[in-house]
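In: What follows is a predicted protein model with its sequence.
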Amino acid sequence: MNLISKFEIEKTNEKIRNFKKLNVLKGYEIITESLIFKMYDVFGRNALLSLLYQVGTVPGLTIAKRIKKKYNKEIFGILESFELLLSELKEYYSIQITNVEEDDEKIRFIIENRCFLRNSYKHRKRLKPGKAFCRVNKGYFEKALKEMLGETIKRVEINFLDDNVEKDVCEEEIIFFK
C-alpha cells in the first residue's frame, strides 16, 4: 500500500517546478561563504589563506603556459605580460593601471580591479573585499606573472589597498621586485 499517490506527486511537482532561470550566482555565493568559514573554523586562518592562495596558483600557471605557447615565447616584459594576461581574462577582470612608481629595487603598479569575485561577495555579510576569498586572485596573478617574467624579476606581490565602493573596484598594488 502506497501512502503517497501518483496524483499527489504530480500536484507537488507542479508546485515546486521552476521554469525560470536558476540563480546560479546566488547559490555559488552561499556555498562559497559557507566553505570559506567552515575551512576557517576547522583549519584556522593561516591554513585557509594558504589553501585559497594555492587554489589560485593552479589556473595561474595554466594560463601562463597557454600564453607562452600561444606567442611561442618563454619570457615577457612587465607591461607585455600584464597586457597579454589581462587580454586573455577580459571576461573575468576589468583592470586599469592608475599609477606607476619605480626605483632601483621595484616597480609598483597601483591598479583598480573589478574582478569576477566582486559580485560573489558583494551581498555576503562575512565575505569582504581584500580578505580571505581574494587570496585566490592573489595566487592566480602572482603565479601567472612570475611564470611569464621568469628570472627577470625576483618575485611579484599583489596587495589589497582599499575597497572603492563608489567606483565598484578594489584598489590594489602589484609590486615587481627586481
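Out: Cool, the structure landed.
In: next structured bit after the helix or strand encompassing residue 69?
Out: If you go by DSSP states H and E, residue 69 is part of helix 45-71. Beyond helix 45-71 on the C-terminal side, the first helix or strand identified by DSSP H and E is helix 78-88.
In: Tell me what angle that following helix forms with helix 45-71.
Out: Per axes from the mean of the first three to the mean of the last three C-alpha atoms, to 10 degrees, the angle that helix 78-88 makes with helix 45-71 is 90 degrees.
In: in the helix holding residue 69, what counts as buried?
Out: Residues of helix 45-71 classed as buried by neighbour count (16 or more other C-beta atoms under 10 Å): 48-49, 51-53, 56-57, 60-61, 63-64, 67-68. No exception for glycine: its C-beta is placed from N, CA and C like everyone else's.
In: Residue 84: which of those residues is nearest?
Out: residue 67 (5.4 Å; C-beta to C-beta).
In: quick one: the helix holding residue 69 to chain centroid distance?
Out: Its chain's C-alpha centre and that of helix 45-71 lie 10 Å apart, by C-alpha atoms, centre = their mean, to the nearest Å.
In: now do stretch 83-91
Out: For stretch 83-91 - counting by C-alpha atoms, centre = their mean - the centre lies 13 Å from the chain centre.
In: Going by neighbour count, list what's buried in it.
Out: In stretch 83-91, counting by 16+ other C-beta under 10 Å, buried: 84-86, 88-89.
In: Would you convert the residues you listed into CSV that also reports pLDDT and distance to residue 15?
Out: Shown next, in CSV, are the buried residues of stretch 83-91 (pLDDT from 0 to 100; distance: C-beta to C-beta, whole Å):
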residue, pLDDT, distance to residue 15
84, 97, 52
85, 96, 49
86, 94, 47
88, 94, 45
89, 92, 43
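In: remind me which residues of the protein are low pLDDT?
Out: The chain contains residues with pLDDT under 70 at 1, 120-126.
In: can you pull out the helices in it?
Out: For the chain, applying DSSP state H gives helices covering 6-16, 24-43, 45-71, 78-88, 118-122, 135-149.
In: Select, out of these, the one closest to residue 128.
Out: With C-beta to C-beta as the yardstick, what comes closest out of the helices of the chain is helix 118-122 (6.9 Å).
In: gap between the two ends of stretch 146-163?
Out: By C-alpha to C-alpha, to the nearest Å, the extent of stretch 146-163 from end to end equals 25 Å.
In: Might you report the residue contacts of the spatially most central residue of the chain?
Out: The centre of the chain sits closest to residue 137, judged by C-alpha atoms, centre = their mean, with a distance of 3.6 Å. Listed by C-beta atoms under 8 Å, 6 or more residues apart in numbering, the contact set of residue 137 reads 56, 113, 115, 117, 158.
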